[in-house]
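*Asks:* have a look at this fold, sequence not included:
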């Protein structure tokens, strides 16, 4: 009607509700009924607060329900199906011995079945003995048979709840006993019967002394004053500071020890280099007057190492192709040399990464790398021989140093081992260079 009145240019009556008034009223009503979720009080656990108040502000039920949603009551689902009939029926609880009859509402389909909560009636098997068993296995100086029978009867009645057993103990007929004494006597009876009747070697032994000390310590802990608790907190803070300072000192000591060890190794290495250089110069001067060089001369090179491929031992998913990826620390020059060798052998740089191919492809590239290093070591040895010959010719004019042809010709592996000894890794033997 408001649109019609606007078209006809009629006045809007004061009692008519316009669109703006309706929207404003809805906003006011929304502000009125909107409420923030209550805040959990400080110190209250989240589980306890969830029982008191939910996000939808549902009040917890007075009694527990057996639905799958926990304590939240299920809403009635209305439909066209017939309602299942209920009946006020009597029932008995198997946990009771007085045959008491109670009544409750049950569905007609469930009438006559066992009480559903009867499955929670669990009984502890208490050891039973005869007079003969007691005289043979259970006789004790501190306990009489009447006291032991009274203790076993209370254990059967109250399911080993020793706090209640201690409270129900007959102090008029029998002497006063502590909870630890009751426990100790009960477990002594059980252990003796298990060893005698069932031949069990491993039985439970109750430690009375430990239990008394534990309770005494708990009592002292409970009886602490506020001043003692604050003093303990201060001592714990000081202990943490001491442990932190100790860790820092240990770390500094380890770093200093590493520096000292590295300096010692560097000094020893320089001394060994000086000794080797002096020994080589003296041996070369003494042998310049000879026309041949002994095959026992050994030239040393740097120890070559194989490629260390990444090993994925962490949990999670990884590609097997990552295992054949060359490490970045290898260097571009060596990577180019490996690729050149693979291209000469007409092999693919990235073969299918099966487990068998990954293993053998990595071994092949390690062998190629070792080949280049051994080749460099051989060139170094050849350079040393040539420099030694030139030094001899310079010191002895007119004479020529004859180098054995075995150092240049391709002889057997055993001859080369006697002539040149290059420090290589153990995996170099299968390559056929030494």
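*Replies:* Great, that's in hand. It should be emphasised that the depicted structure is a prediction, and the values quoted were computed from it without experimental measurement.
*Asks:* separation between residue 167 and residue 173?
*Replies:* 16 Å (Cβ to Cβ, to the nearest Å). Every residue, glycine included, has its C-beta placed from N, CA and C.
*Asks:* quick one: the helices in the chain?
*Replies:* 2-8, 19-33, 46-52, 131-133, 145-158, 162-167, 179-197, 208-222, 226-286, 332-344, 355-395, 413-419 (DSSP state H).
*Asks:* okay if I get these as CSV plus mean pLDDT and mean neighbour count?
*Replies:* Shown next, in CSV, are these (pLDDT from 0 to 100; neighbours: other Cβ atoms under 10 Å):
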stretch, mean pLDDT, mean neighbour count
helix 2-8, 74, 9
helix 19-33, 59, 9
helix 46-52, 78, 11
helix 131-133, 89, 11
helix 145-158, 92, 16
helix 162-167, 94, 15
helix 179-197, 91, 18
helix 208-222, 93, 11
helix 226-286, 78, 10
helix 332-344, 85, 13
helix 355-395, 82, 15
helix 413-419, 41, 13
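*Asks:* quick one: which of these is nearest residue 323?
*Replies:* helix 355-395 (4.9 Å; Cβ to Cβ).
*Asks:* relative to helix 332-344, how tilted is that closest one?
*Replies:* For helix 355-395 against helix 332-344, the angle by axes from the mean of the first three to the mean of the last three Cα atoms, to 10 degrees is 110 degrees.
*Asks:* and helix 355-395, what does it pack onto?
*Replies:* Secondary-structure packing of helix 355-395 (3 or more Cβ pairs under 8 Å, 6 or more residues apart in numbering; DSSP states H and E): helix 226-286, helix 332-344.
*Asks:* for residue 401, which of the ones you listed is the nearest?
*Replies:* Closest approach to residue 401 among the helices and strands packed on helix 355-395 is made by helix 226-286 (10.3 Å; Cβ to Cβ).
*Asks:* do you know which of the helices of the chain lies nearest residue 103?
*Replies:* Nearest of the helices of the chain (Cβ to Cβ): helix 145-158, 27.9 Å.
*Asks:* elements contacting the closest one?
*Replies:* helix 162-167, helix 179-197.
*Asks:* dump the helices and strands packed on helix 355-395 into JSON lines; add distance to residue 375 as well.
*Replies:* What follows is those, written out as JSON lines (distance: least, Cβ to Cβ, whole Å):
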{"stretch": "helix 226-286", "distance to residue 375": "24"}
{"stretch": "helix 332-344", "distance to residue 375": "10"}
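*Asks:* for these, which one sits closest to residue 210?
*Replies:* Closest to residue 210 of the helices and strands packed on helix 355-395 is helix 226-286 (Cβ to Cβ; 23.8 Å).
*Asks:* what's in contact with stretch 100-120?
*Replies:* Contact with stretch 100-120 is made by 84, 85, 86, 87, 88, 89, 90, 91, 92, 93, 94, 95, as judged by Cβ atoms under 8 Å, 6 or more residues apart in numbering.
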